[in-house]
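Undergrad: requesting a structural model of the entry that follows:
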Amino acid sequence: MRSDNSLGGWLQTTTGIVAVLLLVQFLTGVLLAFYYVPSVDHAYTTVSYIEKVVSSGSWIRSLHHYGSQWLTVFVFIHVIRLFWDRGYASNRIQWIAAILILGLVMAAGGTGYSLPWDARAFFSTRVAEGLMAGLPLAGGMARLWLLGGSEISGVTLSRFFALHVLVIPAAIGVVVVWRLFRLQIAEFLQPRDAIAGALVFLVLALWALKHPAPLGPSVAEAGADYLPRPGAQFLWLYQSLKYIPGGLGSIVGVVLPGIVLAVLVALPWLKRQRLIAGSLLGLGVVLVVIMTTASYLNDRRDPRTAQQVERQAAAEEAWRRQPFNPAAISLSPTTNVTGGAPVMYTKFCANCHGAQGQGAQQGPLKFPPLLDVSAKPRRSVDDIVSLLKDPTAYGLQPPMRSFSEKLTEEQMREIAEWIVKLKK
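TA: This next block holds a predicted model:
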């Protein structure tokens, strides 16, 4: 029984806070869905419309964006509190529900981050693709299922949208209802829980009002020097992947978290519960804190990175002051934005290989330059056209994919003729 007046009692209000933040995510998500179109041609435009035209649209989107991050933190704190109170032994249902909600909230954040379809969203989708592709045995099928095909496309965005607004919320709803029916509902009606939840919402609302949710340039307009950064709740993973070679990233980013969640769910039936849960949660806290701190420090200590991040922030601020202009968001078919590069190269290739073929790095993913590529064997104009149609025939693996359904023969040849002229 919780004391109504003690400080310890107020520290146990995480249930109310999580409930309020879940409600905020649900309501703001519904409001955003009224305007959002899950299409690579319209997603960025509709998010821009929400930001600039819809009444309170920017604030609502900020509530949803930062609410997702805060929810992850408070669900984790809720799990820590249950661990401290030995909830895994005294209240199995509450413990299991908390662990399931933690996993689902992380999944919701991962799928939702791709929806704005700006440069950050594209990068996060590429990282997710790489993590799935690197899974042992099931990597190929997992990547194919995630993308809805052999490459990132409109189907990918629709799939992420369906997972984010239908599947995951439904699963969270089932867990919450299951917990409510198996426990006394009066536990959710404690006055201090409502007060704590209201205070957290007030702080979140003020924070969202002062700090708009980030929105970078569209995928087509992002330059090769753009530095995408994931949401705060995923910085630890982004930073960790920098130190992990090859397919091991999938183990650390997908397999190990899945095993940890499964062990925590099964904890009520295991021996040495305190030791197992304490070790897993303690290591999780240490990893998240160290890697998140390292990510922020690396950005600030590298002068070039710090300057680029500042330029991006200034560009976003300038963009917000401009009126909504849907015609300016997408590239015109005749617009050349990279000083000679074909438009289709800019749209499909520049994000990985650089605006001028100089190569690029997106977090843990490094993409090769195309300079002097014509000096390599099997890299004539005809070869490059064939490579764009079927990269596997030239020994190239994902994230390189076929463009046979995206580009015409003429467009592929235009790209190939430009690439073979690139020199160091």
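
Undergrad: what's the local residue count around Gly154?
TA: Counted with other C-beta atoms under 10 Å, the neighbours of Gly154 add up to 16. (Glycine included, C-beta is placed from N, CA and C.)

Undergrad: so how far is Pro214 from the closest residue to it other than its chain neighbours?
TA: For Gly154, ignoring the flanking residues on the chain, the nearest one in space by C-beta to C-beta, 6 or more residues apart in numbering is Val40 at 4.8 Å. Val40 is 19 Å from Pro214, where distance means C-beta to C-beta, to the nearest Å.

Undergrad: any idea which element the residue lying closest to Val252 once chain neighbours are set aside lies in?
TA: Among residues not flanking Val252 along the chain, Ile244 sits closest, at 5.5 Å (C-beta to C-beta, 6+ apart). Counting by DSSP states H and E, there is no helix or strand that carries Ile244.

Undergrad: where does Leu183 land on pLDDT?
TA: We note a pLDDT of 61 for Leu183 in this prediction.

Undergrad: same thing with Tyr296?
TA: For Tyr296, pLDDT reads 89.

Undergrad: tell me which element it is part of?
TA: Going by DSSP H and E, Tyr296 is in helix 273-301.

Undergrad: who does that helix touch, helix- and strand-wise?
TA: helix 57-84, helix 87-90, helix 235-241, helix 256-265, helix 303-321 (3 or more C-beta pairs under 8 Å, 6 or more residues apart in numbering; DSSP states H and E).

Undergrad: elements contacting the shortest one?
TA: Contact here means 3+ C-beta pairs under 8 Å, 6+ apart; on that basis helix 87-90 packs against helix 92-112, helix 273-301.

Undergrad: which residues are in contact with that helix?
TA: 81-82, 94-95, 98, 267-268, 273, 277 (C-beta atoms under 8 Å, 6 or more residues apart in numbering).

Undergrad: returning to that earlier point: and of the helices and strands packed on helix 273-301, who's closest to Phe123?
TA: Phe123 lies closest to helix 235-241 among the helices and strands packed on helix 273-301, at 9.5 Å (C-beta to C-beta).

Undergrad: quick check: mean pLDDT across the closest one?
TA: On average, helix 235-241 scores 88.

Undergrad: just the residues contacting that helix, thanks.
TA: In contact with helix 235-241 (C-beta under 8 Å, 6+ apart) are residues 127, 229-230, 249, 252-253, 287-288, 290-292, 294-296, 298, 363-364.

Undergrad: any regions of the stretch 151-300 of the chain where pLDDT drops low?
TA: Along the stretch 151-300 of the chain, the model assigns pLDDT under 70 to residues 182-189, 220, 223-224, 246-247.

Undergrad: out of the contacts of helix 235-241, which are buried?
TA: The neighbour count (16 or more other C-beta atoms under 10 Å) marks 127, 229-230, 249, 252-253, 288, 291-292, 294-295, 363-364 as buried among these.
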